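Asker: Here is a sequence together with a model predicted from it:
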Amino acid sequence: MANKQGNLSINSENIFPIIKKWLYSDHDIFFRELVSNGCDAITKLKKLDVMGEINLPADEEFKIQVLANPTDKTLTFIDNGIGMTAEEVDEYINQIAFSGAEAFLEQYKDKTSEDQIIGHFGLGFYSAFMVADRVTIETLSYKEGATAVLWDCDGGTEFTMSDSDMTERGTKITLFLNEDSVEFANLYRAQEVLDKYCSFMPTEIYLSDPSAEPEYETIPEEDVTDEDTVIEHIVEPAKTEEKENEDGTKETVETEPEQHKAKILKRPVPINDTAPLWAKHPNECSDEDYKEFYRKVFMDYKEPLFWIHLNMDYPFNLKGILYFPKINMEYESIEGVIKLYNNQVFIADNIKEVIPEFLMLLKGVIDCPDLPLNVSRSALQNDGFVKKISDYITKKVADKLSGMCKTDKENYEKYWDDISPFIKFGCLKDEKFCEKMSDYILFKNLDDKYLTFKEALEENKEQHENTIFYTNDPVQQSQYVKMFKAEGIDAVVLKDNIDQPFISQLEAKNEGVKFKRIDDDLNDSFTEELSEDDAKDLTEKLTEIFKKALGRDNIDVKVQKLKDAKVSSMITVSEETRRMQDMMKMYGMSGMDPSMFGGAGEVLTLNANHALVKYILDNPDGEHTGLICKQLYDLAVISHTPLNPDSMTAFIERSNQILELLTK
């Protein structure tokens, strides 16, 4: 062809500044665009072969080469796909394949970086100009008699086209990087970006530095293939050792035979896995395959609890694997990573339109070729189709969990403590998920037995109908736990932060049902009868004594006769008040008075059957009465919640003082 010069048909010179500055928030994304284009070119060629339009050799090997040259400050992307003719370069590159350019530029000129507009207008190739001052394309079409083309553009709207001496079918794109982007010509930086975007692309990708010294490896001579470049042949002599016979004579024995080896140029290894685990049928995958994939992709060497393999062809194509990771609730934030792919091309992490919010606590991959992507392949159009995908994923997770509970209850119970935050969060966030899981929510009781919601209600039905008692800290609240066990009343353990909103939801959905913490107001199960007049008289006397001893006017005292005479004092808080306090803490209102919202604070419950309480009543002005009052109050608080540092210091000093009195 004759040399050609021209202007890119954009009707404006503003396109390149837009591309360079803010088409993508992540400048490294040009790797994905250019490698994806290469994969597309190879896929198109394979389709032509399948359709019988061309005949490719049976042993044809398809690959994409990425050459990172820090010496020349260039990046080169080479594919052996369909290639382009001069006419196709003119159509797909020079005209940029979109109409209404002026209107488009007018629409986007004042936008900021979150507006990602490339792929929709066929601009994937032009992402190269975000990092390059100059870009060249050499390409040779698969068509018989085609002439190779060289296209050259320096980042303005002017280009040149001429014949090329390229002889192999495919396309070679070279980026002459600008000064701000030379990092991408570093082999390790290029490897990092390719790992991020291209780890599972369907065509083998090879990365190398043409300016680096060649690397070699030594292999057995019989393993050399026609593709290997042999540098030298090596003969390693046989290894021998001297051995003493039974008769005392010595002889030399060969321990290893002579080795024939070849020193060859190091064989290139693809940086990607073209057949990722999620693309396979679940029947083809072993447990070890799933675990190895998890370690490789998420760099997490704690084994996942279990996983769900999504494999759907209708009504849309979706494949993926979701892992339930083991989480140390005390020390780790509950935040997962779900990687979204489109035909094995990485799109983004944790896209909320596709992945239900509660499942973002998991780790996994989802590949959906049918996703409606906008221009840059990095964002989704928020339409009904995407909602269907999200609903499908939710349904599959619910089916897996409920199925496990039905058919493998032992393992389900084993995993429950780890997976319960995921499930409870899902119930709070997703009504359909909540409905499906309602019969498969478990509660662990004081004997470490797992109960469903209905079973937990049945445990106390005779004495406390529609009530489920719970503890959020069985160790801290051990005094209360002991009392419950002594009376044969069951309680469940609810330790996680999410349990409070979750039980509120259960109460709202199940009319009349109440959850009460075991340090709620003591009920008749734990007390003996005390007349109203006696209770009033004792309460007035003890309130006055404790106010004086503690130096507090706002203390709320209640006197009861507890069945357990060993318990001297307890702190009780009504369930309503505690939930109000928890809510205020959540919203940073912990300094406010709960009574402002209609609830009283903590109540000091004193046991009229305990010897120390009787002593205080008999000796209101005794020498040690104040000391005992303070100790009983702190003991009550300790059974309810940890003491603050000052109170703990005073408690320890007072305990030592009491022990000293015993020795006198």
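Answerer: Yes, it's here.

Asker: Below-threshold pLDDT in the stretch 401-550 of the chain: ranges please.
Answerer: Filtered on pLDDT under 70, the stretch 401-550 of the chain yields the residue ranges 523.

Asker: can you give me the strands for it?
Answerer: Ranges of strands within the stretch 401-550 of the chain are 442-444, 450-452, 467-471, 492-493, 514-517, 527-528, based on DSSP state E, counting those that start in this stretch.

Asker: Take these and lay them out in JSON lines including distance to residue 387 and mean neighbour count.
Answerer: To be clear about C-beta, it is placed using only N, CA and C from the backbone, and glycine gets the same treatment. Converted to JSON lines, these look like this (distance: least, CB to CB, whole Å; neighbours: other CB atoms under 10 Å):
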{"stretch": "strand 442-444", "distance to residue 387": "30", "mean neighbour count": "21"}
{"stretch": "strand 450-452", "distance to residue 387": "31", "mean neighbour count": "17"}
{"stretch": "strand 467-471", "distance to residue 387": "35", "mean neighbour count": "22"}
{"stretch": "strand 492-493", "distance to residue 387": "35", "mean neighbour count": "20"}
{"stretch": "strand 514-517", "distance to residue 387": "33", "mean neighbour count": "19"}
{"stretch": "strand 527-528", "distance to residue 387": "55", "mean neighbour count": "14"}
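
Asker: got TSV for the ones you listed, with distance to residue 635 too?
Answerer: Formatted as TSV, the strands of the stretch 401-550 of the chain follow (distance: least, CB to CB, whole Å):
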stretch	distance to residue 635
strand 442-444	28
strand 450-452	32
strand 467-471	19
strand 492-493	24
strand 514-517	19
strand 527-528	19
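
Asker: What's the local residue count around residue 458?
Answerer: Applying other CB atoms under 10 Å, we find 12 residues neighbouring residue 458.

Asker: At the geometric centre of this protein, which residue sits there?
Answerer: Centroid-nearest residue in the chain: residue 336, 1.2 Å away (criterion: CA atoms, centre = their mean).

Asker: Double-check that one against residue 357; I have them as touching.
Answerer: No. The criterion here is CB atoms under 8 Å, and residue 336 misses it with residue 357 at 11.2 Å.

Asker: mind checking the SS state of residue 554?
Answerer: Secondary structure state of residue 554, per DSSP: H, G, I helix; E, B strand; the rest coil, is coil.

Asker: ok, then the element right after the least confident helix or strand in the chain by mean pLDDT?
Answerer: The least trusted helix or strand in the chain, going by mean pLDDT, DSSP states H and E, turns out to be helix 101-108, with a mean of 45. Per DSSP states H and E, the first helix or strand lying C-terminal to helix 101-108 is strand 132-140.

Asker: what does that following strand contact?
Answerer: With contact meaning CB atoms under 8 Å, 6 or more residues apart in numbering, strand 132-140 is reached by 75, 83-84, 89, 93, 128-129, 146-155, 164, 166-178, 181.

Asker: So in that sheet, which strands flank it, and in what orientation?
Answerer: strand 149-153 (antiparallel), strand 170-177 (antiparallel) (DSSP bridges).

Asker: could those go into JSON lines alongside mean pLDDT?
Answerer: Below are these laid out as JSON lines (pLDDT from 0 to 100):
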{"stretch": "strand 149-153", "mean pLDDT": "93"}
{"stretch": "strand 170-177", "mean pLDDT": "96"}
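
Asker: Make TSV out of those and add distance to residue 310 and mean neighbour count.
Answerer: Below are the strands paired with strand 132-140 laid out as TSV (distance: least, CB to CB, whole Å; neighbours: other CB under 10 Å):
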stretch	distance to residue 310	mean neighbour count
strand 149-153	42	21
strand 170-177	35	22
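
Asker: Including distance to residue 566, could those go into JSON lines?
Answerer: Formatted as JSON lines, the strands paired with strand 132-140 follow (distance: least, CB to CB, whole Å):
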{"stretch": "strand 149-153", "distance to residue 566": "89"}
{"stretch": "strand 170-177", "distance to residue 566": "79"}
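
Asker: Between those strands, which one is closest to residue 420.
Answerer: Checking the strands paired with strand 132-140 against residue 420 by CB to CB gives strand 170-177 as the closest, at 50.6 Å.

Asker: centre of the chain versus whichever helix or strand comes after the closest one, how much separation?
Answerer: Next helix or strand after strand 170-177 toward the C-terminus (DSSP H and E): helix 187-198. How far helix 187-198 lies from its chain's middle: 21 Å, per CA atoms, centre = their mean, to the nearest Å.

Asker: again with stretch 263-283
Answerer: Per CA atoms, centre = their mean, the displacement of stretch 263-283 from the mean C-alpha position of its chain is 25 Å.

Asker: Over to stretch 470-486?
Answerer: Centroid separation between stretch 470-486 and its chain, computed with CA atoms, centre = their mean, is 35 Å.

Asker: CA atoms only for it - export them in CSV, please.
Answerer: What follows is stretch 470-486 as a C-alpha-only set of coordinates in CSV (Å, rounded to 0.1, in the frame of the first residue of the first chain):
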residue,chain,number,x,y,z
TYR,A,470,-29.3,-15.7,76.5
THR,A,471,-25.8,-14.8,77.7
ASN,A,472,-23.3,-12.8,75.7
ASP,A,473,-20.4,-13.9,78.0
PRO,A,474,-20.8,-17.2,79.9
VAL,A,475,-17.6,-16.6,81.8
GLN,A,476,-18.3,-13.0,82.9
GLN,A,477,-21.9,-14.0,83.7
SER,A,478,-21.0,-17.3,85.3
GLN,A,479,-22.9,-16.5,88.5
TYR,A,480,-26.1,-16.1,86.6
VAL,A,481,-25.4,-19.2,84.5
LYS,A,482,-25.0,-21.2,87.6
MET,A,483,-28.3,-20.0,88.9
PHE,A,484,-30.1,-20.8,85.6
LYS,A,485,-28.6,-24.3,85.6
ALA,A,486,-29.6,-24.9,89.2
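
Asker: what residues does it touch?
Answerer: By CB under 8 Å, 6+ apart, stretch 470-486 touches 443, 446, 469, 490-495, 499, 503, 515-519, 526, 562-564, 567, 570, 639-642.

Asker: Quick check: buried residues in that stretch?
Answerer: Residues of stretch 470-486 classed as buried: 470-473, 476-477, 479-481, 483-484 (neighbour count, 16 or more other CB atoms under 10 Å).

Asker: same deal with stretch 445-463?
Answerer: Buried residues in stretch 445-463, counted by 16+ other CB under 10 Å: 445-446, 450-451, 453, 456-457, 459-460.
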